[in-house]
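>>> here is a sequence together with a model predicted from it:
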Amino acid sequence: MNKMPINKKEKIVYTFLMVVFLVIAMTTYNVVLQEGFSMVGIKNIWLMFPLTFLVAFLIEWFFVAPVAFRIASKLVGKDESEMKKGLVTAFCFVTGMVISMSLYGSILMHGFTLETILAWGRNICFNFIVAFPLQIFIARPFIGTVFRALFPVGTIVDLSKGTQ
């Protein structure tokens, strides 16, 4: 069964679900790294979620996705295995999102200071080592399964192209 989106409307829904999942997971990870696990940390995760989700969704949809797909298509050929295509695409997405969202998190924590740049570099390393396996082994299979359970192929119709 194809778990990946097949038209633009499906891509929007799939991206929405993926970003919700990854923002919750990565925000939790970063807050726990910074503050430890506490009720204050849980409150901070909850309070940061709306803006962080919006920023992450916009960055992924308008910047990272177009660039990641372009780079991935140059790195793997059409006749490569689906596994290789998936890994390369995930690597491109995760790299773009980690760089972008690590900057966002550094600005949130430090404002616009020299410490922001130092924290950004450190955060990229700490975030990538969690985000890539999280994307490959948990988020992609889980969100793909949830997505197709909620929206079987053909149930989100892309009327702009006249296809289902």
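Ah, there it is. Numbering: from 1, shown residues only.
>>> any idea which element Leu33 lies in?
According to DSSP states H and E, Leu33 maps onto helix 8-35.
>>> which strands and helices sit next to that helix?
Here helix 8-35 touches helix 39-59, helix 82-110, helix 114-133, helix 140-150, going by 3 or more Cβ pairs under 8 Å, 6 or more residues apart in numbering; DSSP states H and E. C-beta here means a position set from N, CA and C on the backbone, and glycine is covered the same way.
>>> redo the ones you listed as CSV? Include mean pLDDT, mean neighbour count and distance to Phe69.
As requested, the helices and strands packed on helix 8-35 are exported to CSV (pLDDT from 0 to 100; neighbours: other Cβ atoms under 10 Å; distance: least, Cβ to Cβ, whole Å):
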stretch, mean pLDDT, mean neighbour count, distance to Phe69
helix 39-59, 95, 15, 15
helix 82-110, 96, 18, 7
helix 114-133, 96, 16, 17
helix 140-150, 95, 15, 15
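>>> relative to Leu33, which of the ones you listed is closest?
helix 114-133 (6.7 Å; Cβ to Cβ).
>>> so which residue is smack in the middle of the protein?
Nearest to the geometric centre of the chain sits Val19, at 5.0 Å (Cα atoms, centre = their mean).
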